[in-house]
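1. quick one: sequence plus predicted model below, questions after.
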Amino acid sequence: MTPEDRTTTSGRERTAPPEKPTRRPRRADLLAAAAGAVLVTVAAVVGTVIQRANGSLHLNWPPLYASWFPHLGPGTPAALTVAALVIVYGPPMAARLTWRALVPAAWATAMAWTWSLALIDGWHTGVAGRLATKYEYLTVIRRFDDLGPAVRDFTHHILNDAPDHWPAHVAGHPPAAVLTFVGLDRIGLDGGAWAGIWCITLGTSAAAAVLIALRALTDEVTARRAAPFLVLAPAAVWAGTSADGYFAAVAAWALALLALAATRTVRAPTAAALASGLLFGLTCYLSYGLTLIALIAAAVLLITRTTRPLPLALIGMAAVVAAFTLAGFDWWEGYRLLVERYYQGAAAVRPYAYWIWANLACTVLITGLATVAGLRRTLVAAPTALRPTSTGLRRRPLAALRRSPSGRLALLTLAALTAVLVADLSGMSKAETERIWLPFATWLLPATALLPMDRHRHWLSAQAALALLVNHLLYTGW
């Protein structure tokens, strides 16, 4: 809901009554989406000029890490079918299904969408071979046969000039990332196929996690409105198959459990808080940059006006930190060496002046034009909630924002947007953010709940068309 498209709902209602058409806000939505499309176009044109001039971007199809490769594949019919079904039946089903049915249905449908997109490139190229390239985790599995020494010596192989240096993705992450695939190998789920299945299955569960968090933090109506957009996200192009999709799910469940613990809408809030902390700790040891998830966690506590889950969550995080530290891995040393390694490669010549805004074009591509329009409504909803009342200017603006579901949603999505901007300004994300920023992009998608219901099918069509075009016209790397 938004102040521009008002509805009257009670906490028990599952659907909102028909909204009164308002041309001005909807025209503004289209203008925002058009601005997003222009940003992507300009990034592509300027990036191509830079790359052809001096090759400093190290990309074939800027701003994406991709190559021009129009193609069809075995996943094409399935992707078209899933897209059509979600566009036609997604909004009414999201409104009518019981909550217990909606959450697993969203996960299953997100999985079907991601699998079908991955299989457009075929089984080997799209799934089984993705995590088995020379840059990826599976190439070093045997070096972890003796686990203790491998973890203790992990930082000794990060730099490019170090003996037996790690491949790019292993060096670029703390050891929990590669240890995930070592664990799969140890239980007999070895090879790229099982790694791909793991990442798609776990990664798509982020849709369910965000739904649960939205219901706890805003209301059920808002969560239901966002559900089809969480399922049909263009981000699925990169989530299947990418370890970053798996990272996004771990972070999403950490935040969902924190929301449940903070709102006490779960039978065992103490267990939820502790589990949230454990997952937050794991998130930090999956990717250095995901420490920025703390900004979204802070928004969760701000929305719920409580720090009650914090002590247990911190205990859970401390347990993960202690485990890796006692095993011999120094997170801060690893991060310091990663920064040095980062500038030993393409990042040394990739121009910051281009990527500081071109990264945002990548974010438009993974979240879609519907999310851009939703974020416009988010930015409108926040100041609207802070307008003066009949008794004068509100002295507690955050309290005013928390008063309505749209205000609480605004706080959540603005926190995710802040995390994206901080990552962007850091200079540690020059290119490839369509994959790296998946954990943050997941929390921008709920802004689509603010779009008017009678336009949801139109916006879902735009989301699906973007994903289908990218996956059929380009070959995305990593």
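-> Arrived safely.
2. quick one: low-confidence parts of this protein?
-> Applying pLDDT under 70 to the chain flags residues 1-22, 383-401, 478.
3. so which elements touch the lengthiest helix in the chain?
-> In the chain, assigned by DSSP state H, the helix with the most residues is helix 23-54. Packing contacts for helix 23-54, counted by 3 or more Cβ pairs under 8 Å, 6 or more residues apart in numbering; DSSP states H and E, involve helix 352-367, helix 369-385. Every residue, glycine included, has its C-beta placed from N, CA and C.
4. OK, contacts around Ala168?
-> Contact partners of Ala168, counting by Cβ atoms under 8 Å, 6 or more residues apart in numbering, are 135, 345.
5. next SSE after the longest helix of the chain?
-> The C-terminal neighbour of helix 23-54 among helices and strands, as given by DSSP states H and E, is strand 66-68.
6. next SSE after that following strand?
-> Next along the chain after strand 66-68, taking DSSP H and E as the criterion, comes helix 76-96.
7. got a list of contacts for that following helix?
-> 14-15, 102, 105-106, 109, 112-113, 115-117, 119-120, 224-225, 227-228, 231-232, 453, 456-457, 460-461, 464, 467-468, 471-472.
8. hmm, back to that, pull out the buried positions in the longest helix of the chain.
-> Residues of helix 23-54 classed as buried under the neighbour-count rule (16 or more other Cβ atoms under 10 Å) are 25-26, 28-29, 32-33, 36-37, 39-40, 43-44, 46-48, 50-51.
9. run the angle between that helix and helix 369-385 for me.
-> 130 degrees (axes from the mean of the first three to the mean of the last three Cα atoms, to 10 degrees).
10. how far off centre is helix 23-54?
-> Centroid displacement of helix 23-54 relative to its chain, using Cα atoms, centre = their mean, to the nearest Å, is 21 Å.
11. what's the spacing between stretch 210-222 and its chain's center?
-> Computed by Cα atoms, centre = their mean, the chain-centroid distance of stretch 210-222 equals 17 Å.
12. what's in contact with it?
-> 1, 9, 11, 13-16, 99, 102-103, 106, 223, 226-227, 230, 252, 255-256, 259-260, 262-263, 265, 300, 303-304, 405-406, 408-409, 412, 442-443, 445-446, 449.
13. which of these fall within helices?
-> Counting by DSSP H, the part of the contacts of stretch 210-222 found in helices is 99, 102-103, 106, 223, 226-227, 230, 252, 255-256, 259-260, 262-263, 300, 303-304, 405-406, 408-409, 412.
14. give me the buried subset of the residues you listed.
-> 102-103, 106, 223, 226-227, 230, 252, 255-256, 259-260, 262-263, 300, 303-304, 405-406, 408-409, 412.
15. in stretch 327-346, what counts as buried?
-> Of the residues in stretch 327-346, those buried by neighbour count under the rule 16+ other Cβ under 10 Å are 329, 331, 334-335, 337-339, 341-342, 346.
16. how long is it end to end?
-> Terminal residues of stretch 327-346 are spaced 32 Å apart (Cα to Cα, to the nearest Å).
17. got it, and stretch 153-167?
-> Using Cα to Cα, the distance between the terminal residues of stretch 153-167 is 15 Å.
18. what sits against Val364?
-> With contacts defined as Cβ under 8 Å, 6+ apart, Val364 is in contact with 36-37, 39-40, 371-372.
19. out of these, which one sits closest to Asp190?
-> For these, the closest approach to Asp190 (Cβ to Cβ) belongs to Thr371, at 37.1 Å.
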